[in-house]
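Participant: A predicted structure for the sequence below; I have some questions about it.
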Amino acid sequence: MVLTAQQLEAMMPDASQIMSDEPEMESSLHYMQLLLLVTCLEWLWRDRNDYFIGANLTIYFSRQQLRNRDFRGLDFFLVKQTQKRPRNAWVVWEEDGKYPNLIIELLSTTTAETDRSLKKNLYQDGFHTPEYFWFSPETLAFAGFRLAGSQYQEILPNEMGWRWSEELGLYLGVESGIMRYFTAKGKKVPTPEEAALEAQQSLQEVQLEREQERQRAERLAEKLRSLGMDVE
């Protein structure tokens, strides 16, 4: 008996039953880099609820792929204009057909060739993902591509070696061997811990300025009193 497309669709599990099938990250360097990419963007967009970040998560983009177990996992991807909530995997047909707006792959010796060829072609021709970046925490190889028509065109770096992401509204750049986000004005997007430290330092600077002002006022008052003037 030949099943119709509708019957096949009815037999497929829904998103709640489909789990990610990704292996562990290749090294602690890769894990820490991925964690940094996620936490910094989460902090920057902490007041937004219209996006989803996938980290080392499988994307299921066709039922044939699921039947064949032809899985495709992405190190980091961003989907905009969607609901921010936990997911076991990104299941395209359960997400209004949405594919990632941006993908970042962290290269390793075992995945670099696939990331630069097979996956790049998939993201270009299958996903039509507007932007694709790759970065190697080991060799510091770094490249970015933006979809122009139907083909990826390289995103040229600025004088700092950073590449602009239209999808993020941020630069991606390498500093001290680590990929970071930078604003259009060149300010590094902090981690939550770095932001807390900056806030503490700013508070200490304000308190120091106030103390210095108080001391100046006291010295002025003392000088006026020595001249016989009523400072009150």
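Facilitator: Nice, thanks for sending it over.
Participant: neighbouring contacts of whatever helix or strand M32 lives in?
Facilitator: M32 is part of helix 28-44, with elements assigned from DSSP states H and E. Helix 28-44 is contacted by residues 25, 53, 55-56, 75-76, 78, 104, 106, 108, 135, 137-138, 168, 170, 178-181, 189-192, 195 when judged by Cβ atoms under 8 Å, 6 or more residues apart in numbering. Yep, even glycine has a C-beta here, placed from its N, CA and C like the rest.
Participant: spatially central, which residue of the protein would that be?
Facilitator: L37 (4.3 Å; Cα atoms, centre = their mean).
Participant: picking up where we left off before, any of the contacts of helix 28-44 buried? List them.
Facilitator: 25, 53, 55-56, 75-76, 78, 104, 106, 108, 135, 137-138, 168, 170, 179-181, 189-191 (16 or more other Cβ atoms under 10 Å).
Participant: in the helix holding M32, which residues are buried?
Facilitator: Of all the residues in helix 28-44, those buried under the rule 16+ other Cβ under 10 Å are L29, H30, Y31, Q33, L34, L36, L37, C40, L41, L44.
Participant: domain assignment for the chain?
Facilitator: 5-189, 191-232 (automatic domain parsing).
Participant: would you agree E167 is in contact with N101?
Facilitator: Yes. The pair E167 / N101 is scored as a contact, 4.7 Å apart, by Cβ atoms under 8 Å.
Participant: how near is M179 to E42?
Facilitator: Note on M179: its distance to E42, by Cβ to Cβ, to the nearest Å, is 16 Å.
Participant: wait, L156
Facilitator: 28 Å.
Participant: now swap in P157 and tell me
Facilitator: 26 Å.
Participant: could I get the full set of strands for this structure?
Facilitator: Ranges of strands in the chain, per DSSP state E, are 51-60, 72-80, 90-91, 102-106, 131-135, 142-148, 151-154, 163-165, 170-175, 178-182.
Participant: so what touches the fourth one?
Facilitator: Contacts of strand 102-106 with the rest of the structure, by Cβ under 8 Å, 6+ apart, involve 25-26, 30, 33-34, 37, 74-78, 111, 115, 119, 123, 127, 129-137, 165, 167-168, 172, 179.
Participant: make it 7 Å
Facilitator: Strand 102-106 is contacted from outside by 30, 33-34, 37, 74-78, 115, 119, 123, 129-135, 137, 165, 167-168, using Cβ atoms under 7 Å, 6 or more residues apart in numbering.
Participant: now find how far off-centre that strand is within its chain.
Facilitator: 9 Å (Cα atoms, centre = their mean, to the nearest Å).
Participant: same question for the third one.
Facilitator: Relative to the centre of its chain, strand 90-91 is centred 18 Å away, using Cα atoms, centre = their mean.
Participant: mind checking the pLDDT average for that strand?
Facilitator: Per-residue pLDDT values over strand 90-91 give a mean of 91.
Participant: so which elements touch it?
Facilitator: strand 51-60 (3 or more Cβ pairs under 7 Å, 6 or more residues apart in numbering; DSSP states H and E).
Participant: let's go with 10 Å and repeat that
Facilitator: strand 51-60, strand 72-80 (3 or more Cβ pairs under 10 Å, 6 or more residues apart in numbering; DSSP states H and E).
Participant: R87 is nearest to which of the ones you listed?
Facilitator: strand 51-60 (6.9 Å; Cβ to Cβ).
Participant: what strands line up against the closest one, and which way round?
Facilitator: Sheet pairing for strand 51-60, assigned by DSSP bridges, gives strand 72-80 (antiparallel), strand 90-91 (parallel).
Participant: for beta bridges, what are the partners of the closest residue to D115 other than its chain neighbours?
Facilitator: Excluding the flanking residues, the one nearest D115 by Cβ to Cβ, 6 or more residues apart in numbering is E105, at 4.3 Å. For E105, the beta-bridge partners under DSSP bridges are W134.
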